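Trainee: when you get a sec, could you give me coordinates for this:
(3 chains)
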Amino acid sequence: MSGRNSTCRRVCLACLIYAVMSYPAWAQTKLDPKLPEYKPAQGVSGNLKSIGSDTMNNEMTLWAEGFLKFYPNVQAEIEGKGSTTGPPALIDGTAHFAPMSRPMKGKEIDDFKKKHGFPPTALPTSIDMLAVYVHKDNPIKRLTMQQVDAIFSRTRKGGFDKAINTWGDLGLGGEWKDKPIALYGRNSASGTYGYFREHALFNGDFRDEVKEQPGSSSVVQGVASDKYAIGYSGIGYKTADVRAVPLAPDSKSEAVPAEADRAYAGEYPLARMLLVYVNRKPGAELDPLRREFVRYLYSKQGQSDVLRCGYLPIGEVIATKALASVGLKR
Amino acid sequence: MNASSLAPVTENTPGGKSGRSRRPRKGNSVLAQGEPSIWGTGGALVVAITMIVGLLVLVLIQGAVTFWPMDLVRIRTVDGKVYLGEVTREETYRPEAEVFTSLPPRERDRAREAVQQAAGVARRRLLRTGNYDLTGFHHQWVSDFQIAEESKPEWGLVVERLTWGNFYGTPTAFLLDGKEVASDPDDIWAQFVNHHDAVAERFSRSVDLNRHGIGALSRKQNAALLARKQAEISYGKSSSEYAVADKQFAEVESACKEEDARIKSEINTLNKENDRFQLRLVTADGQEKILPLADIVRAYPANRLSFGDEVGIYFSRWAEFLTQRPRQANTEGGVLPAIWGTVAMTLLMSLVVVPFGVLAALYLREYAKSGPIISVVRIAINNLAGVPSIVFGVFGMGFFCYLVGKFIDGGPQHIQVAPMPPAWWWLAMLAVVLVGAAAFLVGLIGARDRAKESRFGRYLGRFAVALWLLSLAPVVYVVVHTPYFSGFYEANLPSPTFGTGGVLWASLTLALLTVPVVIVATEESLAAVPNSMREGSYACGASKWQTIRRIVLPRALPGIMTGMILAMARGAGEVAPIMLVGAVKLAPELPVDGVFPYLHPSRSFMHLGFHIYDLGFQSLNSEAARPMVYTTTLLLIGIVALLNVMAVWLRSRLRRRYLVSQF
Amino acid sequence: MTVSHPASAALESRPTPLLPMPQQPANPRLLDHPGSEESRLEKIARGQSAPAHVHAEIAQTDPVLRITSFSLWYGKKQALFDVSLCIPRGKVTALIGPSGCGKSTLLRSVNRLNDLIDTVRVRGEMQLNDDPIYRPSVDVIELRKRMGMVFQKPNPFPMSIYENVVYPLRIDGERDRRALHEVCERSLRGAALWDEVKDRLHESGLALSGGQQQRLCIARAIAGDPEVLLLDEPCSALDPIATSKIEDLLQELKGNYSVLIVTHNMQQAARTSDFTAFMYLGHVIEYGPTGTMFTNPHLRETNDYITGRFG
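Mentor: Here you go, the predicted structure:
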C-alpha cells in the first residue's frame, strides 16, 4: 500500500519536473503558447457529472462553464465536498470525473480495481501551491517547515524541539509576543487536509485546536478576520486580507515565497498537482463526452480557466503525456 | 354613634399606635402590582424583536447596496504604484514599525509623523482593482500615508466582463474591424453606447441558438441513441428491433447534421459580426488591453454618472441577478437556476408533504382510539421534528438515491439484489396476493361484526391489521426481487438517472423532515374544530367520512395552511440535507423548463441556501463574494417571505369564508 | 333554579325539603309511597330503584318513540336506570329534572349519538315507529336521518346558510337544485327564519346572530323531514327575546312534528309542552300531561321540584 502511495508521489514528482522543463525561465504565470486551441467535435451530449475535491470545485465549475459554451446541451453537475468523496463516486459510476487535490490512496485504488479490474487513470491538470496564510498585518517574515509542523501538529515529527503556541515563540515582539496563535485548517474529507498532513506535518497528527473549516475559502476568511490567526489553503483563494508566508524547507535554506516561478522551479515546498481521475479501461476509447472534456482541459481555453481561478497551468509536455495516457493525441 | 367616636381616634394616631393600626398593604407594592413582570416580559420581547430586526436590517442594507455603482478612484502611492478601482471597504489599524521601512526614505518620516499625530492609528481602504488577468489580484489595501496622489478620473471606465471579472481602465480607442474609429473618450463612449446593445443582442441570440437550437437537436439524437442502446440490451444486436432502431438513429443523425450545420453557420455569422467591435483600454499602470464588445456585459464611466444613470445601472444589475445564469464559478452573473431550483423543490415538497401529513393527522385525531400505541406514535412524530436535518439528508441519500433511485435506474441487479427465478417469484407473488386478499376479507367480516358490537369483531379487526402488516414486507420483497424489471434507464447506465441526487429526492427528503410540522399543526387545528359541529353533522345522519370531508376539513383548513406555511418556510431554508440529496454548485439545466415533460425530477438543482453556503465558504474571490452572500440571502428571505405571504393570503381568504363566528 | 353542583351534593347540603313537611298544604291527591314514609328521591340517592309513576293519559296516546327499560353506563358509572317512556306522536314532550339527571343522555341515546363515546354501554330497547333502534342490524346512519336534533349551543356548519339547511340532503347525495331550493325555503320558513335571511342565503351561517343561528339549526333539523325532533336545551345559550321566538316556533312545529325537548326552564316546559317527564338521577319519577304535572302532580317529589323546593 505504501509502495503504491510512493508510486503516486513519484508520478506527481515526475509531473512537476516536466512542468519545470516546460517553463525554463518564466517569471510570470502565463499560458504555454504551445497548448492547442480547443475545437469542438460532433455528437457530444449527455450528462457530465463530477464529484470530488472542494479545492478544485471552482476550477471544475469554470471548466464546465467553458465546456458548456461549446456544447450547450451538455448537462454538467459539479459537486465538490472534498477529495475523499471522489473515489467512491468514480467507483460507483455516479461521477464521470473525480477531481482530487491529492493522489488516490492505495485502498481507494484497490477498491476501484476490485470493481472494475483496472486502476483509474490520473490526469494532472494544474498545479496548486498550498500556502500558509497569516493576517495582512502580521509582520512574520518566514517560516520553516519544521516551524509549521510545530505550529499545527502535536506530534512534531518534523523535529522542531518545542511546541509553538504564541507568536512570541516565532520571534515576534511587541504586542504579538504573548498572543496565542489561532489555527485554521480544513476538514478531514479534504485533500488539502491530507496533503498538508503528509507534507507539512510529516504524517503527524493535527492539534485539536485547529478550527476545521468546511471550505478552502473559509480558511482564508477565518484568517482575515482573526489578526492572530494562521491557516493553510490553496493559493487560488488568496485575498487582499491575508498574506502567504514564504516557506523554507529547513532553517538553513532560503525562504521561498508562494510564487508561480518558484513552484515551477520545484522550490516551493508545498506545491502539488491537482488531478482529475477518470475511469478508463486500458486500451478502450473514451466516450465522446469525456474525451472532449479531457481535450478541453488540456487546451488553451482549459488552462486559461486554471489561471482564472488562481492556480498554475501546466505546460504542453505534461498535457501531451496526459492525453496519451487516455489514448488521445493532441 | 360608635363610628363617630372612633373616627377621631384613628385620625389622632397616624403612626398606627392604637389597636387598629393600618397594616401597610402589600397590594400597593410594585411587586404585587406586577410592574416588574411587565418590564420583564416586554423586555424579552424587545430583545427578540431587536435581534430579528437587526438581522433583517443588516441583510437588507448589505444586500441592497451591493449593486449600487461606486465612484472610481485613482491612487498613486509614494512608491510609484498606480491603482484604479472602487473603494469597497475601509478600516483603521495600528501599523507596525516595519511597515514604514518599506516606504522610500523621503516619505518614511512624513508618514510616521502623520500616523503618530493620529495617536498611532492609520486609515486604509480596500480598492477593488480588478484586471485579474493582468495583475493576478482582485483587491488591494491602500493606507492613507502611502498615498501620493488621489484623483477621480473623468473617464475611468468600469467594465464587467463575461470572464476574468471586472476591468478598470480608461478607454483609448474604439476599434471597428481592427481599425481605430474613435480615440477621443467622448467619441469612444458614443461609439460604445451606439454598438453595444446590438452586440449584446446578437450575443444573446447566438447563446439562445446554441442552447435551444442545438440543444434540441442533440436531445433528439440522444433519445435515438438511447433507443438503439435499449434495443441492443433488450433484444440483442442481431435482432430486427435493433436494426430498426439503428436505422432510425442513422436517419435522425443525418437530419440533425444538416440542421446542426445550418444553426452553427448562423451562430458563426453572429459571432463574426460581433468580433468586428472592440474596445481598447489602458489600465492605471499603463498596460493596454483590447476587449471585444461581445465580452462586455456592462460598462460605465463611473465618475460621470448622473443619479438617474446610477439608478438605471442598479436596477439593470438586479435584473441580471434575477434573470441570468451564474458566471465565473457562481461569483458573478445571476442566480436564476438557484431561484428556480429553490421554488420548484419547495413546491414539490409541499405537494408531497401536505396530503401525506394531513391524512396522517386525520387518522391520528379522528379515527385512532387513544391508547398507548397512539401516544407512542405521537411522541415519535414530535421527536422527529427535533432530529437534526442532516440525519434526514443521510437517510435520503442512502434510501432514496442509492436504493430506490438505483432500482428505478437499473432494476434489482443494480442494487446488488439477485432476482428470484420466475417460477418462485410467481409463487411468492401468489402467496402475497392471497395473504392480502385474506386480510381484506377478514377486515370486511370484522367490520360487519364490529357494527354488531361483538368482541369477536374487534379481534377480527386486529387480526386483519396483522395480516396486512404481514403481507406488506413480502410485497416489498417480491417487488424488489422481480425478475421482469431491469430498470427504466438501463440504457443510460452506468451514469445514473435517478440513482443520484435530484430534485425529487430532495423534495421527498425535505417532506420527511417537515411532515411532523404539518401533522402537529393539522392535529391542533382538527382538535380546535368544536365537537358540537361534528355531533351536529352526525345527528343529520352524516357518516364519519362525510363529516370529516364536509365539516371538519373545511373548518380546519386555515390551520392546515398554517402547517404548510411552517413546513415551506423550514423546507426552503434547509441546506444541510439537500447538499446530500441533489443540490449542486453548478446545474445549468433547470428542474422545471419548457422541454417535455417540463418537470425533470431526476435533475440535480441549484438552491439559494446552498448557493449562499458556496459563496461564503468555497468561493475563489471571497472578498467579491461577500456582498453577493448578502444579496443572495436577501433574495432567499424574500422568496421564503413571498411563498409565505401567498399562503397567508390564501389562508385569510379561507378564514373569511369559514370563520365569521360569534362564538 | 340555577344548579351549578351535582344534584346529589345539593341533596346532602339541603336535606330539609326532602323531609316530610306536614305544615305544607299538601295536595290531597298526592300519593304516598305504599308502606313507607321514605321519599323516592332518597331511595334513588341510596342506589335503590323506584318505579316511575306514569299517568294513565299516556297510555291513550299514539307513541312515535317507545323506550323500554333502557339503561346506560358510562364506563362503570350507570347514568340511566330502566327508563321506560312513550313519546306521543305530533306532541311536544319535555324532559325536566335537575342537572345530571340524565335528560340529555336519554335524548342523545335516542339517535345513538352516545355511540361516539367509546365507554358507553346500553341495555334495553327503543323503537322509532316500531322499528328497533338498538339492534345490531340497525344502520345508525339511516336511523339518524329519520330524526332531527338541535343542540344546546347553536352549531351551524362553516358554510353558507343555504348549504347549512340542505346539509342532510347533500349527504344523501341530492343534486337536484330545484328540490334543494324547495327544501331550503320550506325549512327556513318552518324555522321562521326565511324572511330574515332570504336575501343572503349564500352568506356564511356563522355570520348570523345567536338566536338566528339556533333557528338555522332547527331549520337544518327539520330539513330531512324527521319523524321525531330532539331538542337539547335549545334556548339555554340565548337571550330572552330569542328564546321566546324559539318557543313560538315550537308551538308552530307542534302537530307536524313530534318533539322531544330537554329543558332546564320549568316555565318553558309548562308553556311549550304537552307532556312532561320528570327525571332524577337517571330515573323517571313521574310522567304525565303537562297541565297535570305542573298543577296537580301525583307525587310529592315532583311537586317539590316544580315549586322550586330543590333542584
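
Trainee: and residue 39, helix, strand or coil?
Mentor: You didn't pick a chain, so chain A it is. coil (DSSP: H, G, I helix; E, B strand; the rest coil).

Trainee: pLDDT score assigned to residue 114?
Mentor: By default, I'm working from chain A. A:Lys114 carries a pLDDT value of 91.

Trainee: wait, chain C
Mentor: According to the prediction, C:Asn114 has pLDDT 87.

Trainee: outline the domain layout of chain B.
Mentor: When chain B is parsed with automatic domain parsing, its domains come out as B:72-161, B:179-275, B:336-419+B:483-657.

Trainee: among the ones you listed, which is the most enclosed?
Mentor: domain B:336-419+B:483-657 (a mean of 20; mean count of other Cβ atoms under 10 Å in any protein chain shown). Backbone N, C-alpha and C define where each C-beta goes, glycine included.

Trainee: do it and chain A meet?
Mentor: Yes - counting by Cβ under 8 Å from any Cβ of the partner chain, chain A is contacted by domain B:336-419+B:483-657 at B:493-496, B:499-501, B:579, B:584-589, B:603-604, B:613, B:616-623, B:625.

Trainee: the residue in the stretch 151-300 of chain A positioned nearest to chain B - how many residues pack around it?
Mentor: Going by Cβ to the nearest Cβ, chain B is nearest to A:Gly215 of the stretch 151-300 of chain A, at 3.3 Å. Other residues near A:Gly215 number 26, with proximity taken as other Cβ atoms under 10 Å in any protein chain shown.

Trainee: give me the nearest residue to it, chain neighbours excluded.
Mentor: B:Phe617 (3.3 Å; Cβ to Cβ, 6 or more residues apart in numbering or on different chains).

Trainee: contacts for the host helix or strand of that neighbour next, please.
Mentor: Assigned by DSSP states H and E, B:Phe617 belongs to helix B:608-618. Taking Cβ atoms under 8 Å, 6 or more residues apart in numbering or on different chains as the criterion, the residues outside helix B:608-618 that touch it are A:54, A:57-58, A:80, A:213-218, A:221, B:330-331, B:335, B:338-339, B:341-342, B:572-575, B:578-579, B:583-585, B:622, B:625, B:628-629, B:632-633, B:635-636, B:639.

Trainee: quick one: which of those residues sit in strands?
Mentor: A:Gly80, A:Gln213 (DSSP state E).

Trainee: not counting sequence-adjacent ones, nearest residue to A:Arg280?
Mentor: Closest to A:Arg280 by Cβ to Cβ, 6+ apart is A:Thr121, at 4.9 Å.

Trainee: in this structure that neighbour contacts A:Lys281, no?
Mentor: No - judged on Cβ atoms under 8 Å, A:Thr121 makes no contact with A:Lys281 at a distance of 9.6 Å.

Trainee: which of those two has more residues huddled nearby?
Mentor: Taking neighbours as other Cβ under 10 Å, A:Thr121 and A:Lys281 compare with A:Thr121 leading, 19 against 11.

Trainee: the longest strand in chain A is where?
Mentor: strand A:121-135.

Trainee: what's the following helix or strand after it?
Mentor: Heading C-terminal from strand A:121-135 (DSSP H and E), you reach strand A:143-144.

Trainee: the next helix or strand after that next one - contacts with which helices or strands?
Mentor: Heading C-terminal from strand A:143-144, the first helix or strand you meet, by DSSP H and E, is helix A:145-152. If you count contacts as 3 or more Cβ pairs under 8 Å, 6 or more residues apart in numbering or on different chains; DSSP states H and E, helix A:145-152 packs onto strand A:182-186, strand A:247-248.

Trainee: direction included, what does the longest one pair against?
Mentor: Pairing partners of strand A:182-186, with direction, according to DSSP bridges: strand A:211-213 (parallel), strand A:229-234 (parallel).

Trainee: show me what contacts residue 179?
Mentor: You didn't pick a chain, so chain A it is. A:Thr166, A:Trp167, A:Gly168, A:Tyr228.

Trainee: nope, chain C
Mentor: Per Cβ under 8 Å, 6+ apart, neighbours of C:Ala179: C:Leu169.

Trainee: pLDDT (mean, whole number) over the longest strand anywhere in chain B?
Mentor: Under DSSP E, the strand in chain B containing the largest number of residues is strand B:82-93. In this model, strand B:82-93 has an average pLDDT of 90.

Trainee: that strand pairs with which strands?
Mentor: For strand B:82-93, pairing defined by DSSP bridges yields strand B:72-77 (antiparallel), strand B:122-128 (antiparallel).

Trainee: quick one, which of those strands is nearest to A:Arg186?
Mentor: strand B:122-128 (25.8 Å; Cβ to Cβ).

Trainee: so which residues of the chain form strands?
Mentor: Went with chain A since none was named. Under DSSP E, chain A gives strands at A:47-52, A:75-80, A:97-100, A:121-135, A:143-144, A:182-186, A:211-213, A:229-234, A:242-244, A:247-248, A:271-278, A:312-313.

Trainee: wrong one, I was asking about chain C
Mentor: C:53-54, C:63-74, C:77-88, C:92-96, C:120-128, C:131-132, C:147-150, C:228-232, C:258-262, C:275-280, C:283-289.

Trainee: among the ones you listed, which comes closest to C:Leu188?
Mentor: Across those (criterion: Cβ to Cβ), the nearest stretch is strand C:147-150, sitting at 14.2 Å.

Trainee: got a list of what C:Asp172 touches?
Mentor: B:Gly541, C:Lys145.

Trainee: which pLDDT value does the model give it?
Mentor: For C:Asp172, pLDDT reads 87.

Trainee: what about the nearest residue to C:Gly224 once chain neighbours are set aside, how many neighbours?
Mentor: Excluding its sequence neighbours, the residue lying closest to C:Gly224 (Cβ to Cβ, 6+ apart) is C:Pro168, at 3.8 Å. Residues lying near C:Pro168 (other Cβ under 10 Å) number 25.

Trainee: for the stretch 201-330 of chain A, which residues are neighbours of chain B?
Mentor: So the stretch 201-330 of chain A meets chain B at A:213-218, A:220-221, A:224, A:236-241, A:307-310 (Cβ under 8 Å from any Cβ).

Trainee: deepest-packed of the strands paired with strand A:182-186, please.
Mentor: For those, the highest mean count by mean count of other Cβ under 10 Å goes to strand A:229-234, at a mean of 28.

Trainee: and C:Pro34, what pLDDT?
Mentor: pLDDT at C:Pro34 comes out at 48.

Trainee: contacting residues for the residue nearest to C:Glu57 when sequence neighbours are not counted?
Mentor: Once flanking residues are discounted, C:Glu57 sits nearest to C:Pro289: 5.1 Å by Cβ to Cβ, 6+ apart. Residues in contact with C:Pro289 (Cβ under 8 Å, 6+ apart) are C:His55, C:Glu57, C:Ile58, C:Asp274, C:Phe275, C:Thr276.

Trainee: among those, which ones are buried?
Mentor: Among the contacts of C:Pro289, the ones that count as buried by 16 or more other Cβ atoms under 10 Å in any protein chain shown are C:His55, C:Ile58, C:Asp274, C:Phe275, C:Thr276.
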